[in-house]
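>>> sequence and computational prediction follow.
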Amino acid sequence: MMGMFDGFPIPQDKEHLRDELSRIDESWTAARFDSLPHVVRILTSKDREGELQILKEQSDVVEDVVDEVVHAYHGGFNKAIQNYSQILRLFSESSESIGVLKGDLTEAKKCLGVRNKQLHQLWYRSVTLRHIISLLDQIEGIAKVPARIERLISDNQLYAAAQSLVQSALMLEREGLQTVGALQDVRSELSKWQSVLFYKVLEDLHAHLYNKGEYSSIATSMHEKDDEVPTTTAVAFTTNTSHPVSRRTRSVRGDNMFGSQGLVDGSYRPGSVDGGSSYDGHDEDGSLEPHDNVGDAKDGKVISHQIPSWLSSSTPDEFIETIKKSDAPLHVKYLQTMMESLCLLNKVAAAGAVICQRLRPTIHEIITSKIKACAEFINSSRSGIDKANRIVSPVSPVMAPTGKAQAGAKELLDSILETIVRVFENHVVVGELIQSKSYLQSDPNTQKLLSTNVNLDSEASQVTGGYSIGFSLTVLQSECQQLICEILRATPEAASADATQTARFASKVPANERRDGSEDALTFAFRFTDATISVPNHGVDLVRQGWNKKGPNEGYGSATVLPEQGIYLAASLYRPVHQFTDKLASMLPKKYSQLGNDGLLAFVENFVKEHLLPTMFVDYRKSVQQAISSPAAFRPRAHPNVSYNSSIEKGRPVLQGLQAIDFLAKEVLGWAQAMPKFAAELVKFVQTFLERTFERCRTSYMEAVLEKQSYMVVGRHDIDKLMRLDPASVCLPNALGQSNAGTIVSDSESNEIESELSDLLLNLRPIKQENLIRDDNKLVLLASLSDSLEYVADSIERSVKATPLAALNHEESSKPSNKQTISSPRDLASFADEYRKLAIDCLKVMRVEMQLETIFHLQEMTYREYLENQDAEEPDDFIISLTAQITRRDEEIAPFVAEVKRNYIFGGICSIAANASLKALADMKSINLFGVQQICRNSIALEQALAAIPSIDSEAVQQRLDHVWTYYELLNMPFEALLAFITEHEHLFTAAEYANLLKVQVPGREIPPDAQDRVSEILSR
């Protein structure tokens, strides 16, 4: 109840009314008041008077409140009544005025109806005059267009010029301007400027297509050597940005590509249809302002989201917005702008025809200029050609795998192919743009062909002027092939190359399927005709003017750069061509992959297989034959009195034949490294002539040792086993994976092995002189042969390690091939083991030969009497002969073997001489004091001869021969003194050796009958 009266103006002195109102039940304030419940309540109440009194009090409170409200709003009610009175009066006056106005309008309508026809004529006249004024404005604007186009062309604002030209041409076709005679001159001038603009755009496109323009990608990095494959970037001009992006070309692909604002069905539609608008192509608000931070326009690597400078005067449209948002490099944006300009001019097909005509001559010119630049640089810095002696090799020094011609050819081709790759990068961009623009300008049937067929001979190619990515790829590879043929001095029948052969190469038909009798392996894998392609466009006449230049037939002038040309340069060209075709493949759009991009690589591989390898095999086989069959091939050559040097550069006396074979093997392995795909055949060829050389070495070895006892002894299993265990064999090179230093033996075991080996050799007595190698030249040959074989073995192993041939074919493994698996390095390593084994056999024969010579000379000590009459001043003759032979042979062998090998050859003499001298006492009949001194003199002479050899341990020799001296001096002792010596040194000599001291007859020495028993008793303790 109280809430209803909250806003009433109740004075403060009567605030108690509010409290009284709050006590009134809310049922009295209901919208539909029902009095019955209240009546029933009062009638049923016990205190009816009290209830009525309460109601009366409440009624008084309400009346007081109403009185206060009425009193408070009385003035307002009076004013409102007055306002309503005024409003009623005004409405009455307005009604009267409207009636008067209706009357006036009726009279005006009657007056105007009288002049209706006259007014209609005046209105029609005003409309006609406005139209005439509009046409005059348009004519004035069109008349200014030629001058504007000229200015835009001079400012290199070609896209803006194309926009103005197309807008003006469309205006001239509008109704009302077609019959204006004064515009005929303007039409003629616009036609002229259309031709000029077309050629200017085409000229700029051509320059940038071959990286010769202001915004070319290699303007500042033309000479950079970059191993990365260049990627092509293109911007798709489409309103739908949801198309997928190719990873290779980074271009948006879609069915409706490269659309731009106002470009419908190949014609340009202006954005405004207002008859009074300006048609000079620009107004103050429509021009584009260039940005200061566009970046260096010559840097093809710069990616900017700002408007390029060449579009600063253009009218904004969708193409410009797309360029602004594009992330493409600057040179790609420029190519796109030129193609968009040609599209506006409706000259895409004509431009394609011109590009086709100019492609081969331009590429030829690029290659020729590149070669000329290299020639000028080489002529200014040419140094003398290496004139090293390479009589053995079938190729000259400059043509060797590491020669200047090979390096120069590879460097030249790398540079040219890198330039071609950059050119092809632009052709991929332009090719896709031409096809997409032609797609938009063609009829639906041609569009269907374009979307499904990329054959150059198809009808779909006509709308592109015959130009396509596949066409440019074919021509580029064809020119590269002609250059390669010139470098190789090959004469391919390029003019008669048929399309069938091209298809074979492009479709990767296996060689065994495409080889027939009528096909020349040197024939080009490409077909190219510089014919003018018919273009259904009036611009073809303009194309033929000034551009119809055929490619020159003259060569490229590569002879001015390369010191020599020839078939062997194919090796250095293989890898650049392989990398070149891989780069082209990485840039080709997916739909062009069916064309095949390995035509050039297939030609090079076919040339290598059919021409280079057979020629190489014949030449090197002849060189190998000459190297191993010449009289000087296995003739030791060394300066006398010159110490051995392990460096071939410092005069290591390797046999001429083996040195030549090593040189040829390295050279052929160099060819294998340059041509990984053919490494298996080349390695197999190296194995073939290494095997032939080994057989020739084996023959020389057998000629020196045939029927000689040392050779037969070395071949015995028991002696060979002991020689392997002999510690002296540690110095021998390892063969067949055996480790000579792997077995460590103690001194006692070493002495036992040495003694056992000596006993086996001494059991061969008597040694006959005819069974020995008496010719020192044969020993020198064995020494030189051993060192030369080891040199070749080491060289083979170094080649295997430095040139992991098994990995050379890794880059070819990704391509399916039916060729044999490449030989592993283990095959060549096995030849190294064979060579080293024969070298070890030579050393073993020489060691045994010197031991047998020692036995042969010392066997004269047996079965004789050493009863000398005086003190010996000279050793025996056989000792003199032996020492002279040792000294002579050491001097002759010294230049051919290392000191450690000389130690091995002569190191066995001391032990065999000592053992032979000790055992000789058993066969002596008698010996006196002077005889003992003679034998001691012999030991001293032998010791001096052996000590003179620098590589031999003189202390060990002295110790062994002093042992013999001590043994023979025991013969001068009385028996009792001998027994005392034996007691103190029972292990110094063996029991048999002590027994032999008692058996020999010594004048003046008495030996009791039980002497042998007493000695045995001492030794058995």
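Structure's in. What do you need?
>>> and Asn409, how far is that from Ala169?
To be clear, residue 409 is Ala; Asn isn't right here. In this view, Ala409 and Ala169 are 54 Å apart by C-beta to C-beta, to the nearest Å. Glycine gets a C-beta too; all of them are placed from N, C-alpha and C.
>>> ok, the two, which is more surrounded?
Ala409 (29 against 19; other C-beta atoms under 10 Å).
>>> please report phi then psi for the nearest residue to Phe580 once chain neighbours are set aside.
Nearest non-adjacent residue to Phe580, counting by C-beta to C-beta, 6 or more residues apart in numbering: Leu417, 4.3 Å away. The phi/psi pair for Leu417 (degrees, to the nearest 10) reads phi -70, psi -30.
>>> and Leu417, how close does it get to Leu600?
Separation of Leu417 from Leu600 (C-beta to C-beta) stands at 9 Å.
>>> against Ile719, how distant is the residue nearest to Phe580?
As judged by C-beta to C-beta, Leu417 and Ile719 stand 64 Å apart.
>>> pick out whichever of these two has more residues nearby.
Leu417 (24 against 19).
>>> for that one, give me its contacts.
The contact partners of Leu417, taken as C-beta atoms under 8 Å, 6 or more residues apart in numbering, are 480, 576-577, 579-580.
>>> repeat that for Tyr568.
Counting by C-beta under 8 Å, 6+ apart, Tyr568 touches 395, 399, 406, 612, 616.
>>> and the pLDDT for it?
pLDDT, Tyr568: 89.
>>> centre of the chain versus whichever helix in the chain runs longest, how much separation?
What stands out as the longest helix in the chain, according to DSSP state H, is helix 48-114. Relative to its parent chain, helix 48-114 has a centroid offset of 100 Å by C-alpha atoms, centre = their mean, to the nearest Å.
>>> do the same with stretch 333-340
That offset, for stretch 333-340, works out to 32 Å (C-alpha atoms, centre = their mean).
>>> CA atoms of it as CSV?
Only the C-alpha atoms of stretch 333-340 are listed here, as CSV (Å, rounded to 0.1, in the frame of the first residue of the first chain):
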residue,chain,number,x,y,z
LYS,A,333,56.5,-9.8,-59.5
TYR,A,334,58.0,-8.0,-62.5
LEU,A,335,57.5,-11.0,-64.7
GLN,A,336,53.9,-11.3,-63.5
THR,A,337,53.4,-7.6,-64.2
MET,A,338,54.6,-8.0,-67.8
MET,A,339,52.4,-11.0,-68.4
GLU,A,340,49.4,-9.1,-67.0
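>>> so for it, mean pLDDT?
Rounded mean pLDDT across stretch 333-340 is 89.
>>> tell me where the model's unsure across the stretch 351-500 of the chain.
Within the stretch 351-500 of the chain, the stretches with pLDDT under 70 are 378-391, 438-463, 491-500.
>>> isn't Ile24 up against Glu57?
No: contact between Ile24 and Glu57 fails when scored by C-beta atoms under 8 Å: they sit 10.0 Å apart.
>>> counting neighbours, show which residues of stretch 873-891 come out buried.
875-876, 879, 882-883, 885-886, 889-890 (16 or more other C-beta atoms under 10 Å).
>>> who touches it?
So stretch 873-891 is contacted by 640-641, 776, 779, 850, 853-854, 857-858, 860-861, 902, 906, 909, 934, 937-938, 940-942, 944-946, 948-949 (C-beta under 8 Å, 6+ apart).
>>> PyMOL command for the buried members of those?
In PyMOL, this line selects whichever of those come out buried by 16+ other C-beta under 10 Å:
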select buried, resi 779+850+853+854+857+858+861+902+906+909+934+937+938+940+941+942+944+945+946+949
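>>> just the contacts of stretch 873-891: which are in helices?
Judged by DSSP H, helices contain the following of those: 776, 779, 850, 853-854, 857-858, 902, 906, 909, 934, 937-938, 940-942, 944-946.
>>> report pLDDT for Ala297.
41.
>>> go on, Gln709?
At Gln709, pLDDT is 93.
>>> excluding chain neighbours, give the residue nearest to it in space.
Closest to Gln709 by C-beta to C-beta, 6+ apart is Asn771, at 4.0 Å.
>>> where does the stretch 501-650 of the chain have low pLDDT?
Residues of the stretch 501-650 of the chain meeting the criterion pLDDT under 70: 501-554, 593-598, 638-641.
>>> can you pull out the helices in it?
With DSSP state H, counting those that start in this stretch as the criterion, the stretch 501-650 of the chain has helices at 511-514, 540-543, 570-587, 599-607, 613-629.
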